[in-house]
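1. Got a predicted model here, sequence first, then my questions.
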Amino acid sequence: MRTSLCDRLGIDLPIIGFTPSEHVAAALSRAGGLGVLGCVRFNDAAELDRVLTWMDENTGGKPYGVDIVMPAKVPAEGTQVDLAKMIPDGHRAFVDRVLDELSVPPLPEDTDERAGVLGWLHSVARSHVEVALNHPIKLIANALGSPPADVIGQCHDRGVPVAALAGKAEHAVRHVENGVDFVVAQGYEAGGHTGEIASMVLVPEIVDAVDVPVLAAGGIGSGRQVAAALALGASGVWMGSMWLATEEYLQTMGESVAMQQALVAASSSDTVRTRIYTGKPARLLKTRWTEAWAAADAPEPLPMPLQNLLVSHAHNRIHAANDPSVVSMPVGQIVGRMSGVRPVADVVAELVTGYEEALSRLDKTR
């Protein structure tokens with residue numbers, strides 16, 4: 001399974017795994033891939049620094065990366081703008097009504113809100129970059145395409161390559177022109193922010209359009225699919241959803257039992273692409289929460305980052321409620337392959353075995 005990407009990043013397997021869990025990221029790196037820690041959940045730079053220090057100490061000397069959420073254009077946000085005042089009262093009332101209708105209890109008064117509200121802001125994402133570059137990371141990826149030019153230059157000055165997600169070939173070309181080193185070709189099937197072109201079409205289009213390594217993302221959860229991605233010209237795969245149903249995920253997100261129950265019970269048709277999570281199109285698990293937002297009386301989602309600020313408290317209440325029918329969680333169509341909760345190492349071993357079996361079948365057809 002080794003490709004040129006492995007030599008460039010110092011890994012054994014061309015499997016890049018995005019995850020908000022440091023325990024998952026470290027386990028994947030130890031297993032021979034590259035764990036990429038999502039930073040958006042960190043409101044506080046000091047907390048991110050502590051977690052990355054933990055990563056330094058628990059990856060067994062193996063490389064890892066980080067993922068940020070930063071638009072290429074600097075938005076008009078900061079201390080001069082009170083974003084909360086930009087959220088319409090009608091939207092707040094709708095969220096409160098839906099939570100009541102779904103019987104989602106309020107948080108106890110002494111409960112700390114979960115992190116991640118401020119992580120969507122451009123200024124906070126910049127602080128994530130500053131912190132990450134003080135650690136021995138091997139990759140910085142941006143979930144919203146090319147980071148600003150000065151951020152790319154800052155990473156390159158420290159010898160850290162930059163990856164950017166793309167849902168169209170034209171986006172990939174623009175990323176490379178901006179100085180991005182790797183392109184993640186993320187197909188329609190993927191969880192979270194995703195475009196409208198399926199992976200089978202998108203990956204070869206982007207491979208043909210750019211002269212940098214391409215990672216295939218979206219709909220990848222088996223060794224057969226890894227083999228297919230490499231056959232399409234990708235240098236490796238970028239996986240996110242499959243790590244949600246792992247034992248290590250619970251080590252970080254200890255209250256996510258209901259979420260994992262919902263994922264294991266879901267089929268590949270139980271997702272929906274919607275703007276209700278962040279304000280940009282993202283694929284989520286289909287639940288009573290997403291159905292409420294699809295109702296005729298639901299308001300239109302707000303633009304990023306206002307939508308995230310609007311629903312962040314609701315997500316905290318939903319998370320604490322531990323009701324699988326109301327979960328709000330980004331996940332791809334590959335959710336249908338999640339048959340149980342397993343260790344990260346087992347997922348990786350199955351990917352390798354499935355890849356080898358796929359090559360063997362192809363060899364027999366010659």
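-> Looks like it came in fine.

2. Pull up the distance across stretch 53-65, start to finish.
-> 13 Å (Cα to Cα, to the nearest Å).

3. now stretch 226-244
-> The first and last residues of stretch 226-244 sit 18 Å apart, counting by Cα to Cα.

4. Which residues does the strand or helix carrying A27 contact?
-> Per DSSP states H and E, A27 falls inside helix 22-30. The contact list for helix 22-30 (Cβ atoms under 8 Å, 6 or more residues apart in numbering) reads 11, 15, 17, 19, 34-37, 51, 54-55, 58-60, 62-64, 243, 246, 248-249, 251-252, 343-345, 348. Every residue, glycine included, has its C-beta placed from N, CA and C.

5. Quick check on these: which are buried?
-> 11, 15, 17, 19, 34-37, 51, 55, 58-59, 62-64, 243, 246, 248-249, 252, 344-345, 348 (16 or more other Cβ atoms under 10 Å).

6. Just those residues: which are in helices?
-> Among the buried ones among the contacts of helix 22-30, the ones falling in helices (DSSP state H) are 51, 55, 58, 248-249, 252, 344-345, 348.

7. so which of these comes closest to S127?
-> Relative to S127, the closest of those is V51; by Cβ to Cβ it sits at 13.8 Å.

8. can you tell me which residues contact that closest one?
-> Going by Cβ under 8 Å, 6+ apart, the list of residues near V51 reads 22, 37, 42.

9. Kindly state the pLDDT recorded for P75?
-> pLDDT for P75: 56.

10. can you check the one 10 residues further on too?
-> Among the per-residue scores, K85 shows a pLDDT of 85.

11. Tell me where the model's unsure across the protein.
-> Counting by pLDDT under 70, the low-confidence segments of the chain come to 71-81, 111-120.

12. Do a quick rundown of the helices in it.
-> 4-9, 22-30, 45-58, 89-101, 122-132, 149-157, 169-177, 199-209, 223-231, 247-252, 257-265, 288-293, 306-321, 344-364.

13. Mean neighbour count, the ones you listed: which tops it?
-> Comparing the helices of the chain by mean neighbour count (mean count of other Cβ atoms under 10 Å), helix 22-30 comes out on top with a mean of 26.

14. That helix versus helix 344-364: what angle between them?
-> Relative orientation of helix 22-30 versus helix 344-364 (axes from the mean of the first three to the mean of the last three Cα atoms, to 10 degrees): 40 degrees.

15. Now do helix 22-30 against helix 45-58, angle only.
-> 40 degrees.

16. just how off-centre is helix 22-30 within its chain?
-> A distance of 15 Å separates the centroid of the chain from that of helix 22-30, by Cα atoms, centre = their mean, to the nearest Å.

17. What separation is there between P330 and E130?
-> As defined by Cβ to Cβ, to the nearest Å, P330 lies at a distance of 26 Å from E130.

18. what's the closest non-adjacent residue to I220?
-> V237 (5.0 Å; Cβ to Cβ, 6 or more residues apart in numbering).

19. what's P108 in contact with, if anything?
-> P108 makes no contacts at all, as judged by Cβ under 8 Å, 6+ apart.

20. I should have written R337 there, sorry.
-> For R337, the contact set (Cβ under 8 Å, 6+ apart) comprises 221-222, 242, 268.

21. Reformat those as a markdown table; add distance to V151 and neighbour count.
-> Output for the contacts of R337, formatted as a markdown table (distance: Cβ to Cβ, whole Å; neighbours: other Cβ atoms under 10 Å):
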| residue | distance to V151 | neighbour count |
| --- | --- | --- |
| G221 | 31 | 23 |
| S222 | 35 | 20 |
| M242 | 29 | 27 |
| S268 | 36 | 14 |
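
22. So which of the residues you listed is the closest to S4?
-> For the contacts of R337, the nearest to S4 is S222 (22.8 Å; Cβ to Cβ).
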